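1. attaching a predicted model along with its sequence, questions to come.
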Amino acid sequence: MCAGECFLGARDEVPHVRKWVRATLEGQTAFPGGVSPDSLDDVELCAGEILANAARYSDLSADAMARVSVFLIGDAESGFRAVRVECHDPGNVREHVPALREEDAPYATYGRGLRIVAALAARYDAFAHPDGGNVAWFEMDV
Ligand SMILES: Nc1ncnc2c1ncn2[C@@H]1O[C@H](COP(=O)(O)OP(=O)(O)OP(=O)(O)O)[C@@H](O)[C@H]1O
Ligand SMILES: [Mg+2]
């Protein structure tokens, strides 16, 4: 079930879209009880990393926006099991793709974002979309 989708067209919209992810989950009514505050914090942190990457590495514009989707995973029998956040960006002329960077010096100031996502999320991945652009996603069990 898709809880909502939003579009990211410029770097300075990242904080807004990150807060939208949280607000969407706080406002969901499909599953009583919803997402715990701790899980919400983790979802927002990981969403912030993949949104920041889309803003930094893809060629965002008003005509080429990233689509950000939040899904609720569960059913009536097993209840609410996970949240999935996906960001499909427009790609970039340099053909960068999202990928964990090799371990660098311990004090490197880059290459942390996807490691944070990998550490906190139950599942995550990224791939080049066959229709263009890159998709980064993660699922947080709740
Ligand atoms: N949406 C994306 N499009 C293209 N390349 C990406 C995208 N997301 C990540 N990458 C690539 O994957 C690498 C690893 O991303 P990651 O977020 O882990 O580190 P970073 O963005 O380099 O640094 P940090 O997140 O610590 O500021 C990036 O350096 C970039 O080359
Ligand atoms: Mg990053």
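-> Arrived safely. Ligands and ions are numbered 1, 2, ... in the order given.

2. tell me the confidence at the residue nearest to the spatial centre of the chain?
-> Central residue of the chain (Cα atoms, centre = their mean): Ala47, 3.8 Å from the mean position. On pLDDT, Ala47 comes in at 98.

3. that's a helix at it, yeah?
-> Yes - using DSSP: H, G, I helix; E, B strand; the rest coil, the secondary structure at Ala47 is a helix.

4. please name the residues that touch the closest residue to ligand 1 within the chain.
-> Proximity of the chain to ligand 1 (Cβ to the nearest ligand atom) peaks at Gly113, 2.6 Å away. For every residue, glycine as well, the C-beta is placed using N, CA and C. Contacts here follow Cβ atoms under 8 Å, 6 or more residues apart in numbering; on that basis Gly113 touches 49-50, 52-53.

5. again, but for Glu49
-> 113-114, 116-117.

6. now Gly133
-> Per Cβ under 8 Å, 6+ apart, neighbours of Gly133: 58, 66, 88-91.

7. try it again with 6 Å
-> Gly133 is in contact with 88-91, counting by Cβ atoms under 6 Å, 6 or more residues apart in numbering.

8. how about Arg101?
-> Arg101 touches Gly111, counting by Cβ under 6 Å, 6+ apart.

9. 8 Å instead, please
-> 110-111, 114.

10. narrow these to those in helices?
-> Leu114 (DSSP state H).

11. buried subset of the contacts of Arg101?
-> Among the contacts of Arg101, those scoring as buried are Leu114 (criterion: 16 or more other Cβ atoms under 10 Å).
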